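Undergrad: coords please:
(2 chains)
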Protein chains: 2
Amino acid sequence: MNFADRLSDAVESRRSQLVLGLDPDPSRLLPDAVGFAGEGTAAERAARAVAAHCALLIDAAGSACVGVKLQMACFERLGAPGWQALVDTSAAARAAGLLAIADGKRGDVPHTAAAYGQALVGTTPTPFGDVVGLKADAVTANPLLGRDALEPIVEAARRSGAGTFVLVRTSNPGAAELQDAGNGEPLRDRLARMVDELGADGVGSRGLSDTGAVVGATEPGIVAAMRELMPRAIFLLPGIGAQGGRVDQLGPAFAPGRGAALVTASRSIVDAALEAGRPGAALPAAQSLREAAWELSA
Amino acid sequence: MNFADRLSDAVESRRSQLVLGLDPDPSRLLPDAVGFAGEGTAAERAARAVAAHCALLIDAAGSACVGVKLQMACFERLGAPGWQALVDTSAAARAAGLLAIADGKRGDVPHTAAAYGQALVGTTPTPFGDVVGLKADAVTANPLLGRDALEPIVEAARRSGAGTFVLVRTSNPGAAELQDAGNGEPLRDRLARMVDELGADGVGSRGLSDTGAVVGATEPGIVAAMRELMPRAIFLLPGIGAQGGRVDQLGPAFAPGRGAALVTASRSIVDAALEAGRPGAALPAAQSLREAAWELSA
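TA: Okay, the predicted model is just below:
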């Protein structure tokens, strides 16, 4: 089934466009998670505690969300046990009815891009049997290497009913330096055209495509301009809360429909739980963001 | 010790600027490697065989090389056991006196980029003790997100005496679409200036910097132009052999000194071993590339 259709269905049934960002820091875990560390090496114990931390947050705040965004760097820094925690957290999200977005911003030459497709949304044939990858519902991808390098990821995702969110305009302060540069046509506009074209073969029954775009919520004017260039793309909108973006300024992102954009928030939800010392405190923070986006997209 | 100095020393002592590219495909392994698969899941068996395949190639061809380049995607597609194979292969390379380059082309917002730094060249503090990352000697990084996103990776590498190779002009056919675009100033030139500036604080005793650039060997004219813009950067030059690049056209890359460029080759070395069915056949292929680069840089 087409990813855009799956996502629109999930948005409608869960009445949420909120994505819980999970970028676990082993030094800032919920107190309840630390008890799950068990025995073993520091990496094994930290990875188990990280997986428990994420599972507690999914359990506490998942009802207000449509998906989770797993920041791969935060798992990779715990080595092989960290990768296992990534797999376990992805499975916990799916078990809770949430879409799992693998946020690794991968991008490489075509032959290697295909290997990333296998790792994240596909399967790798081996003489010992097929190895199933992360089974992500969607991935983020970096387009710097060009269209031939993006296509293997987009196509691998499409074959699995998954989606791809291509970086177009990121939310960090330095994003402007390259993404807004280019005399006449900024790089972000070129990227937007590429996303629109790559998505043409992945349009679902509601007119939205399985090939979306990462557009920072920190620059509402740019969000509106990007929507003009990518009328069918689902926008993944980071930068709400800690980075300064505000949900009420994101109306144009939702113009094509309720499933046309996802708002991701990490620190603004997770910090509520950390400050209270209990996962349940994440829920009101998530509900408030959920409601703000839902009302905006009415 | 500064990475550029470490690399120059290694180039001189090993009389090689050749980097063995390891992008193992579990469907195309050396026959001797398959016997190391042992018991367990398909992923565990494939990962052990992949690590053995890489170790056999390092053993066979390492004497002609100064480093290895580990294509992270090819390990990640085997999940947590694959990450362990990446760690083991990196350790095998170091044990053979080779520099290990983690080729993951990572790039993310500053907070996340710092986590990639921990994963690849640093350490992550946890309540259970510090977790040491991959201990790579150098990493590849994607600069699309801008300078503030690159800096945490460059600085993490610098603190560990490691290096960063920033994508400036890649070797894939579609690279031109974005990297050569931009009226007046192509994106690759902007990237080159950024690399030169980021590298200013990492210049070693031979005038080369710890902040280098990935420049495809497939476009010799561009290699020469990039050398003008980045006189202190070490160039990592992919695209030799299977992708059409030729060592004898890369003279300008080596203009600042013998340690100013690295030639990476994967299929042109590894396929010799695969076709012969024995690792030893990789050595003549590697020696021939080593000699071509060494003579060119005299």
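
Undergrad: Every contact and neighbour count from this point should use C-alpha atoms.
TA: Noted.

Undergrad: Which residue ranges of the stretch 1-150 of chain A form helices?
TA: Ranges of helices within the stretch 1-150 of chain A are A:3-14, A:31-34, A:42-61, A:72-76, A:79-95, A:110-121, A:147-159, based on DSSP state H, counting those that start in this stretch.

Undergrad: Going by neighbour count, which residues in stretch A:194-206 are buried?
TA: A:M194, A:V195, A:D196, A:L198, A:G199, A:G202, A:V203, A:G204 (16 or more other CA atoms under 10 Å in any protein chain shown).

Undergrad: is it true that the last one touches A:A4?
TA: Yes. Taking CA atoms under 8 Å as the contact criterion, A:G204 and A:A4 are neighbours in contact, 6.0 Å apart.

Undergrad: Tell me the residues on the stretch 151-298 of chain A that lie near chain B, please.
TA: For the stretch 151-298 of chain A, the residues in contact with chain B (CA under 8 Å from any CA of the partner chain) are A:170-179, A:182-185, A:187, A:190.

Undergrad: before we move on, back to that, which residues are common contacts for A:G204 and A:A4?
TA: A:D210 (CA atoms under 8 Å, 6 or more residues apart in numbering or on different chains).

Undergrad: pLDDT value on the residue sitting furthest away from the middle of chain A, please?
TA: Taking CA atoms, centre = their mean, the residue of chain A most remote from its mean C-alpha position is A:P127, at 32.6 Å. Per-residue confidence (pLDDT) for A:P127: 97.

Undergrad: nearest residue to it other than its sequence neighbours?
TA: B:S27 (6.3 Å; CA to CA, 6 or more residues apart in numbering or on different chains).

Undergrad: Run a quick check on the one you found versus A:T126, I expect a contact.
TA: Yes. Using CA under 8 Å, B:S27 is in contact with A:T126, at 5.2 Å.

Undergrad: which one of the residues of the stretch 151-298 of chain A next to chain B is nearest B:R77?
TA: Comparing those against B:R77 with CA to CA places A:T170 closest, at 26.5 Å.

Undergrad: and the closest one, what does it touch?
TA: Contacts of A:T170 (CA under 8 Å, 6+ apart): A:V214, A:V215, A:G216, A:P238, B:V109, B:L145.

Undergrad: how about 7 Å then?
TA: By CA atoms under 7 Å, 6 or more residues apart in numbering or on different chains, A:T170 lies in contact with A:V214, A:V215, A:G216, B:L145.

Undergrad: what sits up against stretch A:189-209?
TA: So stretch A:189-209 is in contact with A:2, A:4-5, A:168, A:210-212, A:226, A:229-230, A:232-234, going by CA under 7 Å, 6+ apart.

Undergrad: quick check, nearest of those to chain B?
TA: Of all those, chain B sits closest to A:V168, with 9.5 Å by CA to the nearest CA.

Undergrad: which SS class is that closest one?
TA: Secondary structure, DSSP: H, G, I helix; E, B strand; the rest coil: A:V168 is strand.

Undergrad: That one contacts A:R188, doesn't it?
TA: Yes. Between A:V168 and A:R188 there is a contact under CA atoms under 7 Å: 5.4 Å.

Undergrad: Looking at those two, which has the bigger crowd around it?
TA: For A:V168 versus A:R188, neighbours defined as other CA atoms under 10 Å in any protein chain shown are more numerous around A:V168 (30 against 23).

Undergrad: Select only the buried ones of the residues of the stretch 151-298 of chain A next to chain B in ChimeraX?
TA: Selection of buried members from those for ChimeraX, criterion 16+ other CA under 10 Å:
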select /A:170,171,172,173,174,175,176,178,179,182,187,190
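
Undergrad: so of the residues of the stretch 151-298 of chain A next to chain B, which ones are in strands?
TA: Using DSSP state E, no member of those sits in strands.

Undergrad: Arrange the contacts of stretch A:189-209 in CSV, one row each, with pLDDT and distance to B:V131 as further columns.
TA: Output for the contacts of stretch A:189-209, formatted as CSV (pLDDT from 0 to 100; distance: CA to CA, whole Å):
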residue, pLDDT, distance to B:V131
A:N2, 98, 40
A:A4, 98, 39
A:D5, 98, 41
A:V168, 98, 33
A:D210, 98, 37
A:T211, 98, 36
A:G212, 98, 35
A:M226, 98, 41
A:L229, 98, 44
A:M230, 98, 42
A:R232, 98, 43
A:A233, 98, 39
A:I234, 98, 37
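
Undergrad: so of those residues, which ones are in strands?
TA: A:V168, A:T211, A:G212.

Undergrad: Look at A:A242 and say how many residues are nearby.
TA: By other CA under 10 Å, the residues close to A:A242 number 11.
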